[in-house]
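Q: Give me coordinates for this.
(one chain, ligands or ions: 1)
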Amino acid sequence: MAKLGNFPPSGDYAFPYRDLVNAQVLVTGGRGTLGNALCQGFASLGARVWSLDMSAINSNDPVNPLIQQRVADVRQRNTLVQVQEEIAQTEGLDVLINAHGLQLRSDFADCDEETWMTLTDVNLNGVYRCCQVFGEPMRSRGGAIVSIGSVNGVVVSGKGTPYGVQKAAVSHMTKIMAVEWAPLVRVNAIAPTAIPSGMTKDLFANQDYVRNKTESIPLKRTGTEEDIVHAVMFLASSASGLVTGHTLMMDGGLSLI
Ligand SMILES: NC(=O)c1ccc[n+]([C@@H]2O[C@H](COP(=O)([O-])OP(=O)(O)OC[C@H]3O[C@@H](n4cnc5c(N)ncnc54)[C@H](O)[C@@H]3O)[C@@H](O)[C@H]2O)c1
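A: Okay, here's the model as predicted:
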């Protein structure tokens, strides 16, 4: 029986993520800003991490023996299956974190078919494929799935149409899977506001954007990599053992007003 999935928390309040030590964790988008922070964070707990990304492996990056880098494209099921076949040679996966993503900003009227289809294939279909390929074995051994959604899947944001629709769909898929894959697999998501990253570097280079965004958030700050890693650790570990089908808002109150 796997350590994760449907288990009550230990009551070990000083170290609530103890069940993630030695867990096997796969992070999609693992060479992106948030994905890399998640890989490093879970490895720092002692988890064994598979980092999956379509981007090439940079041989100059420092090597962490707890993090295995793999190249795969979430649009191509066969590349995901190849990684899963490797994982199947081990004792299997405990946690799947869907942290890949692509943003091409457009409002509804101007969104051409190619943009819509490309974004859908990565942001929605990619999560569907990863859950089927990597999550299916968890149904018999137990596990936890956490997907990174977005506040843009909850509130309407300028030029955020296709991405927002896909992130909203990820939240609904999270609910469906939570019901269908219970009792052994818990499935949750987070919905962050803006965070400096590869995806948002153009936005954060604009001082007006940063000022206006910060001002619009009741807590008066945007997100950080650490915000994300803590929330995902909570949802992946038995500290959140009774939580499933939930999308955790991480928006400093933005969606409340
Ligand atoms: N940064 C933000 O403000 C923010 C806010 C809310 C949600 N998110 C979400 O957080 C997640 C991480 O994004 P980030 O901010 O770190 O951006 P990022 O651009 O730094 O990372 C995204 C990663 O996904 C990978 N990727 C893209 N398409 C892929 C594909 N087809 N197959 C495999 N990998 C692919 C990229 O190579 C990249 O490494 C995404 O799901 C994003 O939508 C980000």
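
Q: And the residue in the chain positioned nearest to the ligand, what's its pLDDT?
A: Using C-beta to the nearest ligand atom, G32 is the residue of the chain that sits closest to the ligand, at 2.0 Å. For the C-beta atoms, the positions are set from N, CA and C on the backbone; glycine is no exception. Here the pLDDT value assigned to G32 is 98.

Q: G11 too?
A: G11 is assigned a predicted lDDT (pLDDT) of 87.

Q: which ones are touching the nearest residue to D73 once chain neighbours are set aside?
A: Beyond its immediate neighbours in the sequence, the residue positioned closest to D73 (C-beta to C-beta, 6 or more residues apart in numbering) is M54, lying 4.4 Å away. Contact analysis of M54 by C-beta atoms under 8 Å, 6 or more residues apart in numbering lists 71-74, 100.

Q: measure M54 to N212 for me?
A: Distance of M54 to N212, computed by C-beta to C-beta, to the nearest Å: 32 Å.

Q: And R141, by the same measure?
A: R141 sits 47 Å away from N212, going by C-beta to C-beta.

Q: Have a look at the two and say which one is more surrounded.
A: Set R141 next to N212 and count neighbours by other C-beta atoms under 10 Å: R141 wins out with 17 against 10.

Q: Hmm, G92 and the more buried one touching each other?
A: Yes. Using C-beta atoms under 8 Å, R141 makes contact with G92 at a distance of 5.6 Å.

Q: so is V49 in a helix, a strand, or just coil?
A: strand (DSSP: H, G, I helix; E, B strand; the rest coil).

Q: From what I see, it and R70 are in contact.
A: No. Taking C-beta under 8 Å as the definition, V49 is not a contact partner of R70, at 10.7 Å.

Q: Can you classify A182 as helix, strand or coil?
A: Three-state assignment for A182 (three-state DSSP): coil.

Q: Contacts only, for it.
A: 6, 244.

Q: which bits of the stretch 151-257 of the chain sit near the ligand?
A: Within reach of the ligand by C-beta under 6 Å from any ligand atom, the stretch 151-257 of the chain has these residues: 192, 194-195, 197-200.

Q: Please list only the buried members of these.
A: Among those, the ones that count as buried by 16 or more other C-beta atoms under 10 Å are 192, 194-195, 197, 199-200.

Q: Give me the sheet partners of the helix or strand where A191 lies and which way each runs.
A: Assigning secondary structure by DSSP states H and E places A191 in strand 185-192. Paired strands of strand 185-192, with direction, are strand 143-148 (parallel), strand 247-250 (parallel) (DSSP bridges).

Q: Which residues does the last one contact?
A: Which is strand 247-250. Defining contact as C-beta under 8 Å, 6+ apart, one finds that strand 247-250 is touched by 149, 151, 153-154, 171, 174, 188-193, 223, 227-228, 231, 235, 255.

Q: Noted, bye for now.
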